[in-house]
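In: Give the three-dimensional model of this entry:
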Amino acid sequence: MLWISGCGSKEEANETSNAEKSNAKAEEETLPDELRIGYQKSSILLFLKEKGSLEKILAEKGVKVTWHEFQSGPPLLEALNAGKIDVGYVGGAPAVLAGAVSDSELAYLAYEPEVYRAIVVPKDSPIQKIEDLKGKKVAFGKGSSAHYLLLTALESVGLTLNDITPVYLQPSDARGAFERGNVDAWVIWDPYLADAEESGGARIIADAKGLPRQYGFIVGRRDYFQENRELRNLVISELEKVHKEIQADKQGAAENFSQKTGISKDVWKQTLERREYGVFDITPEVVDAQQKLADTFLEAGLINEKINVQDAVLSD
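Out: All right, here's what the predicted structure looks like:
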C-alpha cells in the first residue's frame, strides 16, 4: 500500500510538473510578435533603448522590439490609444487626458519620480515671480505636465489661466518662440529645460517644489498587458537596472547620451543630477496625486467627465 501510495504521489507530481511546463510553454508561445515602445528624450526609456538589453532578451522569446520617438506625452498617448504603440513613458497630465477618452486603452503599469520642470523667462526679463505673469504670453504644451505645473503655480498666487495669454506649443516650437521673444515665459521640463538654461538664455522663476506632486508613468495598452504580464515585468525589470546604472555613474551617462542625442554633456549632467531614480508599483499615494490632477483638469475644462484613476491601474 505504501508503494502504491508512493507511486500515486509520484504520478500526481509528474502530472503537475508536466502541466506547469505545458502552461509555461503555452504562455511563451502566445507572446506577441512585437513590442512597440514610445519614448521621449526626457525619459529614461531613451537610455534603455540605447542599451539594447531588452531587445536581446525578447529576441530569444521571438518578440521584436521597435522604438518610436515623440516630443511629448499627448501625441505618444494618441498613438497608444490608436493601437500604434504598446507601451511608453509619459507625465501624469497627458495620462489623465488619455484616460478620459472614450474606450481608452490606457493602463498604468508603474511609476517613476517626476522629472524636473519649471517656468522660465529670458535672463533680462523684468518678470521675477509667478505673480508677474499676469497679462503675459506663456508657452507650454496643452495637456502636458507643464500645463498642470502652470495651473497649480498660478493657483498658488490667486491667478488662473484667464489672467495670462496661453500659447500652446510643443517643446521645439516653444523654444523658437521663446528665443525670438514671441512669448514672455515658457513652462518646460528636462532636458529641454536644462538646455534652455545652458544655451537659450533662460532663467527659472518657479519650479514644482511646494506644488502638488506629479509623477511619471510607464503606461501600456490594457488588453495587451493583461494578456502579456511577462512582458510588463521584463520591461520594468530592465528599466530598473538602467535607473540604477545611471544613478551610479551620472557623468558617464551624460557623456554617452550626449553623443546619442546631440544634446550637450553639461545639459545631460544637469538633467541627471536633479532628478530622482527608481521604477515602482503604483501606490495609493500616487493614485491620489493622479486623481487630484484629473480633478484639476476637469475643473479647467480639459476633460468633460470625472474619471476614476484607480480604474486604469493594471491589477496583479
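
In: On the pLDDT front, check Pro32 for me.
Out: Model confidence at Pro32, given as pLDDT, is 93.

In: Give the helix, strand or coil label for it.
Out: Following DSSP: H, G, I helix; E, B strand; the rest coil, the label given to Pro32 is coil.

In: how far away is it from Glu276?
Out: Distance of Pro32 to Glu276, computed by Cβ to Cβ, to the nearest Å: 32 Å. C-beta here means a position set from N, CA and C on the backbone, and glycine is covered the same way.

In: Mind checking which of these two has more residues around it?
Out: Using other Cβ atoms under 10 Å as the criterion, Pro32 and Glu276 rank with Pro32 on top: 15 against 12.

In: Other residues contacting the helix or strand encompassing Ala177?
Out: Using DSSP states H and E, Ala177 falls within helix 171-180. With contact meaning Cβ atoms under 8 Å, 6 or more residues apart in numbering, helix 171-180 is reached by 71-72, 120, 122, 139-141, 167, 169, 183, 186, 188, 192, 196, 200-202.

In: ok, Asp190 - contacts?
Out: Asp190 makes contact with Ser42, Val115, Tyr116, Arg117, Gln270, Thr271, Arg274, Arg275 under the criterion Cβ under 8 Å, 6+ apart.

In: Quick one, grab the pLDDT at it.
Out: pLDDT, Asp190: 92.

In: Next: Val101.
Out: For Val101, pLDDT reads 89.

In: And it, which helix or strand is it part of?
Out: Here Val101 is assigned to no helix or strand, by DSSP H and E.

In: Mean confidence (pLDDT) on stretch 163-176, please.
Out: pLDDT averaged over stretch 163-176 gives 95.

In: Just the CA atoms from it would do, formatted as PDB, please.
Out: Backbone C-alpha positions of stretch 163-176 (Å, rounded to 0.1, in the frame of the first residue of the first chain) are rendered in PDB as follows:
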ATOM      1  CA  ASP A 163      -5.100  86.000 -16.200                       C
ATOM      2  CA  ILE A 164      -2.400  85.100 -18.800                       C
ATOM      3  CA  THR A 165      -2.400  84.500 -22.600                       C
ATOM      4  CA  PRO A 166      -1.700  80.800 -23.100                       C
ATOM      5  CA  VAL A 167       0.300  79.900 -26.200                       C
ATOM      6  CA  TYR A 168       0.100  76.100 -26.800                       C
ATOM      7  CA  LEU A 169       3.300  74.900 -28.300                       C
ATOM      8  CA  GLN A 170       5.300  71.700 -28.400                       C
ATOM      9  CA  PRO A 171       8.900  71.900 -27.000                       C
ATOM     10  CA  SER A 172      10.800  72.600 -30.200                       C
ATOM     11  CA  ASP A 173       8.400  75.200 -31.400                       C
ATOM     12  CA  ALA A 174       8.200  76.800 -27.900                       C
ATOM     13  CA  ARG A 175      12.000  77.100 -27.800                       C
ATOM     14  CA  GLY A 176      12.000  79.100 -31.000                       C
END
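
In: if I look at the one residue sitting closest to the centre of the chain, how far off is Glu230?
Out: Closest to where the C-alpha atoms of the chain average out (Cα atoms, centre = their mean) is Val90, at 2.5 Å. Between Val90 and Glu230 the computed distance is 23 Å (Cβ to Cβ).

In: just to revisit the earlier point, give me the buried subset of the contacts of helix 171-180.
Out: For the contacts of helix 171-180, a burial check counting by 16 or more other Cβ atoms under 10 Å picks out 71-72, 120, 122, 139-141, 167, 169, 183, 186, 188, 192, 196, 200, 202.

In: my guess is Val120 contacts Ala194, does it?
Out: No: the criterion here is Cβ atoms under 8 Å, and Val120 misses it with Ala194 at 10.6 Å.

In: Next, format the contacts of Asp190 as a markdown table and append distance to Asn81 and pLDDT.
Out: Converted to a markdown table, these look like this (distance: Cβ to Cβ, whole Å; pLDDT from 0 to 100):
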| residue | distance to Asn81 | pLDDT |
| --- | --- | --- |
| Ser42 | 21 | 70 |
| Val115 | 22 | 86 |
| Tyr116 | 28 | 93 |
| Arg117 | 24 | 94 |
| Gln270 | 33 | 95 |
| Thr271 | 29 | 94 |
| Arg274 | 32 | 94 |
| Arg275 | 27 | 91 |
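
In: which residues touch Thr165?
Out: Thr165 touches Gly135, Lys136, Lys137, Val138, counting by Cβ under 8 Å, 6+ apart.

In: again, only this time at 7 Å
Out: Counting by Cβ atoms under 7 Å, 6 or more residues apart in numbering, Thr165 makes contact with Lys136, Lys137.

In: For it, list each beta-bridge partner.
Out: Counting by DSSP bridges, Thr165 is bridged to Lys137.

In: And it, how close does it get to Gly135?
Out: Thr165 is 8 Å from Gly135, by Cβ to Cβ.

In: Same question for Tyr148.
Out: Distance, Tyr148 to Gly135, using Cβ to Cβ: 22 Å.
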